[in-house]
Structures are given as structure tokens and as C-alpha cells.
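1. Okay, sequence plus prediction incoming.
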Amino acid sequence: MRSLLTFFTLLLTTHATGVLAHSNNDVVTMYNGDRITGEIKGLVNGDLKINPAYAAVIALELEDIASIDSNYNYEILTENNERLYGNISSTEKKGALQFTSIDSEQIIPLLEITELRPIEESFAERLQYTLGANFNFEPDLQTYKIEGTVTYASKRGQTSARANVLRSNYQSKNENGDYVDDYAQTSGLFRLENERWSNYGDNWYRSFSGQYDYNDELNNFGRVSLGSGIGRYFIDSAGMRFSALVGLQGIRERSLSCTGDVQLLGEGCFDDTPPIKDTDFSAEGFLTGSLVMYSLTNVDLDINITGSVYPSLTDDDRLRAHLEAAVKWEAVGDLNIKLSLNSDYDSGKENADNPLDKTLDYSILLGLEWAP
């Protein structure tokens, strides 16, 4: 966990000291007549972020904006999955902007834009990141989770790194009725993924990924997976995005077992004998669906749901699945309150002789996420 924190602290420090922002002359005019001058940071999930010279970054609801003026170049993604690169300026039509590039010129309604980001010149400016801390406290269970993401965006795609560590401490009552530490279990992952927009259509993309994960509860003591797939955005409109990804991957995983009928708990056996280490290699397919919904009103609410199934191609009747669901709403500035559900299923871990070999692990956590 300490190495994870060091990794993200280093990235954030590099980002904060290396940014060379474009000029603060962008102008956003609201329907109520307010004019905000500063540096446009981008548009994501219906919020246009701008950094005025006299204040910190503020988020403006897209439906409240009448016009946008800027001399900078931007990448624009519209709800019909068209990617545009060029300059934007105001137009006589309220609620729209004038887009100009070398090849074309058109007026685009603001509510038809799903993403807008500056075409940055330096490495640091292309980085986006989030940091989160989640927790759950019960008399016999305390769970802590730290997570973070870093994304590097380019003109033809993006590369993202994601990591999290979760620890659950289980307690039980002693003969005096006091709670004492029983045992602890951990899980976590580090994932690196590169997405490249297809030359055949902006709604198609290719994905290359590598992941390391572990989960004591499911007898996964280190799994490495490498895969590739093809994805498509089926819905990409203001307020909603749905995509699906299908592909193949190879995995190498390590598990532990005990001799005879001795049960495994954590990384040890009940009779204190050393566990037997097993390493397996296999191949599996995967199908991932991702749904993002966000509010275009002053109630800043985001919903993210991602589900994956992994049917094995080499192990008979084995099926793995993973589900992540999160609801976020803005608390103060860039700080969000986050309620999340994470669940893992692995039919290959079922063992009738050992009831502690579980096939399902899940957690429901409440926490905070910082997303500048």
C-alpha cells in the first residue's frame, strides 16, 4: 500500500510542477449574462471546467452556457461519435459554438458535445488523475480501500493506469465479550490499458491491456493477464455513454492449497504446515460492458457501471466475472462523495470439501474521491 501511495504522489507532484497552461483569455458567457474569463480545462460529464485568473477551477453546467470563445485548439467528441480537431469561437446562435479547422467549418450545439479538451503540447498537460479513499466500519469487520487512476490522452487514443488496494480486518468476540482481531484478507490490482481509436470509424477502438491482481478470499495469490480486444461505443450522447469490448487474453495465476483435509485461511494452513504453491497457465475470452450516466442539471450526479465476464477457453466449465458500480456526487469543488460496489466471481474456486474456498467476493464502500 505504501508503494502505491508513493507512485501516485510522484505522478501528482510531477504534474503539478510541470504544467504549462495555455493563456487565460478564454471567455464563457452564461445565459444570465455572466462572463467568465480564464483557461478552459475541458468538458466531461456535462461540466465545463474553467480556471479564472482570480479563483480556483470552477465547473459550469453545459445547459447554462450561452457561448464559448477561445483562441486555443481543442479536440471535440460529438454525440454521433465524430471527433473534431480545431478552433472554437462564439456564434450568434446561443447554446452553440463555431468550430473551425483546416478542412471544415460548422456550428455545433453545445448539448451535442460529449467531450471537449484542449490539445495540449506538454506531457504533464495531457495527464488526468483521480485519488480516492473508501471505508466501511462494522463491529466485526473494518474495510479500507485506496484507489487511483492516471490517464494520458493523445490525438488518436489514450493510455490509462489504475491501481487499488483493499484490506479487510475480521474480528470475533472472546469469552469476555470483547472484539479481538481474528484474521485479515487483502485484494488489489494494477491495470495498464491502451485504447486506440480506429481508422474505420470514431465509434470503434482497439484495446491492449495488462493487469496484475490478487484476492485472498478467492485463493488468488497473484494473477497476471495480457489481452487485446475490439470495442465500440453504441451510445455516446450528452448524459449517457455505453460501450462494449470483446477480446482474448492469456493468464498466469498462483494459488495455494493444503495437504489432506486441512483448510487454507489467508496464506497459511490451519495445522501451521507450509501451503502448497500452484501455478497455472490458461486462456480465456472476455466481454466487458460499460455504462456512464451523468446529470446535465445543477445536481452533479454521476453513475458508472462496468461488468465483465471471462469464459475460460482451456479449463472446462470455468467462468469468472467482475462487476463495479459507483455513484458519485459533488461535495465541495473537486471532491466527490462516492458509494461503490465491487464484486468478483470465480466458479473455478468452488471446493465442496473446503467451505472456505469461496466463489464470490464483494464489498460495498463509502468514501471520497478527488478528481481535479
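-> Received, thanks. Numbers count the residues shown, from 1 in each chain.

2. ok, S237 - contacts?
-> 79, 114 (C-beta atoms under 8 Å, 6 or more residues apart in numbering). Using the backbone N, CA and C atoms, a C-beta is placed for each residue, glycine as well.

3. Could you check how far it is from W204?
-> 17 Å (C-beta to C-beta, to the nearest Å).

4. Kindly report the domain assignment for the protein.
-> Following automatic domain parsing, one gets these domains for the chain: 22-120, 125-370.

5. Need the ones you listed in JSON lines (columns: mean pLDDT).
-> Supplementary listing: the domains of the chain in JSON lines, determined by pLDDT from 0 to 100:
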{"stretch": "domain 22-120", "mean pLDDT": "86"}
{"stretch": "domain 125-370", "mean pLDDT": "85"}
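
6. what's the burial count for L97?
-> Counted with other C-beta atoms under 10 Å, residues neighbouring L97 total 25.

7. ok, now the one 3 residues further on?
-> Residues near T100, counting by other C-beta under 10 Å, number 15.

8. Could you do the one 5 residues further on as well?
-> Other residues near E105 come to 11 when the count uses other C-beta under 10 Å.

9. hang on, it packs against F99?
-> Yes: the pair formed by E105 and F99 meets the contact definition of C-beta atoms under 8 Å, at 7.0 Å.

10. Correct me if wrong: I108 contacts T100.
-> No: here I108 lies out of contact with T100, judged by C-beta under 8 Å, at a distance of 10.9 Å.

11. List the residues that contact G348.
-> The contact partners of G348, taken as C-beta under 8 Å, 6+ apart, are 312, 315, 318-320.

12. Need the three-state assignment for it.
-> With DSSP: H, G, I helix; E, B strand; the rest coil as the basis, the three-state label of G348 is helix.

13. quick one: it from Y205, how far?
-> Taking C-beta to C-beta as the criterion, G348 is separated from Y205 by 30 Å.

14. ok, back up a step: tell me the one of the contacts of G348 nearest L77?
-> In terms of C-beta to C-beta, no member of these lies closer to L77 than R320, at 32.2 Å.

15. what's the neighbour count on the residue lying closest to the closest one once chain neighbours are set aside?
-> Closest residue to R320 in three dimensions, ignoring its sequence neighbours and counting by C-beta to C-beta, 6 or more residues apart in numbering: Y310, at 4.0 Å. Around Y310 there are 21 other residues, counting by other C-beta under 10 Å.

16. same question, P274
-> Here the number of neighbours of P274 (other C-beta under 10 Å) works out to 11.

17. going forward, begin numbering at 3 instead of 1
-> Renumbered: residue one is now 3, and that last one reads P276.

18. all strands in the stretch 103-252 of the chain, in order from the N-terminus.
-> Chain-ordered strands for the stretch 103-252 of the chain, with DSSP state E, counting those that start in this stretch as the definition, fall at 107-111, 115-120, 129-140, 143-156, 159-175, 181-199, 206-217, 222-239, 242-259.

19. could you flag which of the contacts of G350 are buried?
-> Buried positions within the contacts of G350, assessed by neighbour count (16 or more other C-beta atoms under 10 Å), are 314, 320, 322.

20. and the helix or strand where the last one lies, what does it pack onto?
-> Meaning R322. With elements taken from DSSP states H and E, the one containing R322 is strand 321-334. Strand 321-334 sits against strand 303-313, strand 337-348, with contacts defined as 3 or more C-beta pairs under 8 Å, 6 or more residues apart in numbering; DSSP states H and E.

21. Can you list the strands that the last one pairs with?
-> Just to be clear, that refers to strand 337-348. As defined by DSSP bridges, the strand partners of strand 337-348 come to strand 321-334 (antiparallel), strand 362-372 (antiparallel).

22. How about the shortest one?
-> Paired neighbours of strand 303-313 in the sheet (DSSP bridges): strand 278-296 (antiparallel), strand 321-334 (antiparallel).

23. List the contacts of it.
-> Looking at what lies outside strand 303-313 - C-beta under 8 Å, 6+ apart - the contacts are 47, 251, 286-297, 320-331, 338.

24. Show the contacting residues for G48.
-> 63-65, 240-241, 296-298.

25. can you do 6 Å?
-> Residues in contact with G48 (C-beta atoms under 6 Å, 6 or more residues apart in numbering) are 64, 296, 298.

26. three-state assignment of the nearest residue to it once chain neighbours are set aside?
-> Among residues not flanking G48 along the chain, L298 sits closest, at 4.5 Å (C-beta to C-beta, 6+ apart). With three-state DSSP as the basis, L298 sits in coil.
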